[in-house]
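[1] What follows is a predicted protein model with its sequence.
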Amino acid sequence: MNLVQEMIQNETDYLTLTEDEMVDFKFTKPGMDRLIVFDLDETLIHVQREGLDVAECDWVPDHNIDVVDEDGEKDVAKFSIRPHYKRCLEFVNKYFEVAVFTAGHKWFANPIVDALDPKGIYIQHRYFRRSCVELERGEDRFFTKNLRMFRGVDINKVLIVDNNVYSFAPNFENGIPIIDFFGSKRDAELLKVIDYLDKLKDKQNLRAANEKNFGF
Ligand SMILES: [Mg+2]
């Protein structure tokens, strides 16, 4: 049994959401009832962190934007956007309502989502660290994303694309794992996501069809 399965078996509390943890979800597209959620870090973007990246590889971030933290301190977000993101977001928008859900802080992540979607046409909803359910396991902290928090959304019609399997631990069946993105210009994983969703999109129960494929 792996760590994530063990966490789920032993700590079922976090699977149950309180009223405060639920959010009212309203689809913005007429007649739409399907939602796809994308993680941000190492799924759609890669951020340069102090030290490691600079020292260990020659990757250069292609975006630098000013951000302001909760105390009003200025910072700069240096990041690259995953290749083919626009094609992927265009594709999913034909069949889904689209959300970004990150364990990152809003002050840092929100301007990055603006850079991903400057005209506000691809990403209809944004959720940040406060919407995650935090789990502690010894020294480790995990931020999980419970997709049952969306009041008014059928859990069978939700998918999440995330590089961290433990992020979607509360709902494995809905999860589409993706390899970490660390800034490579040759990365083509989002094209694979398109191909996969193209096969899945006609299924009535997305959750069941997805579970069948990945067998979590
Ligand atoms: Mg991530």
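    Here it is on my side, so go on.

[2] just the residues of the chain that are near the ion, which are they?
    Proximity of the chain to the ion is confined to 39, 41-42, 163 under the rule C-beta under 5 Å from the ion. C-betas here are computed from N, CA, C, even on glycine.

[3] By neighbour count, which of those wins?
    D39 (23 neighbours; other C-beta atoms under 10 Å).

[4] Which residues are in contact with that one?
    Contacts for D39 were tallied using C-beta atoms under 8 Å, 6 or more residues apart in numbering; they are 100-102, 145, 160-164, 167.

[5] Mind doing that once more with 6 Å?
    By C-beta atoms under 6 Å, 6 or more residues apart in numbering, the contact set of D39 is D162.

[6] same thing with I123?
    Residues near I123 by C-beta under 6 Å, 6+ apart: 98, 100, 117.

[7] what about the last one, distance to A99?
    If I follow you right, that is D117. D117 is 12 Å from A99, where distance means C-beta to C-beta, to the nearest Å.

[8] show me where pLDDT drops low in this protein?
    Where the chain drops to pLDDT under 70, the residues are 1-14, 50-58, 216.

[9] Sketch out the helices for it, chain order is fine.
    Assigned by DSSP state H, the chain shows helices spanning 3-10, 52-56, 85-95, 106-116, 189-200, 206-214.

[10] Could you identify which of those is most buried?
    Of these, the one with the most neighbours on average (mean count of other C-beta atoms under 10 Å) is helix 106-116, at a mean of 18.

[11] angle of it against helix 85-95?
    Interaxial angle, helix 106-116 versus helix 85-95 (axes from the mean of the first three to the mean of the last three C-alpha atoms, to 10 degrees): 90 degrees.

[12] So what touches helix 106-116?
    40, 63, 65, 67, 69-70, 77, 100, 102, 126, 128.

[13] again, only this time at 7 Å
    Contact with helix 106-116 is made by 40, 44-45, 63, 65, 67-70, 77, 79, 81, 85, 100, 102, 123, 126, 128, as judged by C-beta atoms under 7 Å, 6 or more residues apart in numbering.

[14] could you dump it to PDB, C-alpha only?
    Listed next in PDB are the C-alpha coordinates belonging to helix 106-116 (Å, rounded to 0.1, in the frame of the first residue of the first chain):
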ATOM      1  CA  LYS A 106      -3.300  33.600  -4.400                       C
ATOM      2  CA  TRP A 107      -1.000  36.700  -4.400                       C
ATOM      3  CA  PHE A 108       1.600  34.800  -6.300                       C
ATOM      4  CA  ALA A 109      -0.500  32.500  -8.500                       C
ATOM      5  CA  ASN A 110      -3.200  34.900  -9.600                       C
ATOM      6  CA  PRO A 111      -1.000  37.100 -11.700                       C
ATOM      7  CA  ILE A 112       0.500  34.000 -13.300                       C
ATOM      8  CA  VAL A 113      -3.000  32.800 -14.300                       C
ATOM      9  CA  ASP A 114      -3.600  36.300 -15.700                       C
ATOM     10  CA  ALA A 115      -0.400  35.700 -17.800                       C
ATOM     11  CA  LEU A 116      -1.800  32.400 -19.000                       C
END
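
[15] Many thanks, I have nothing further to ask.
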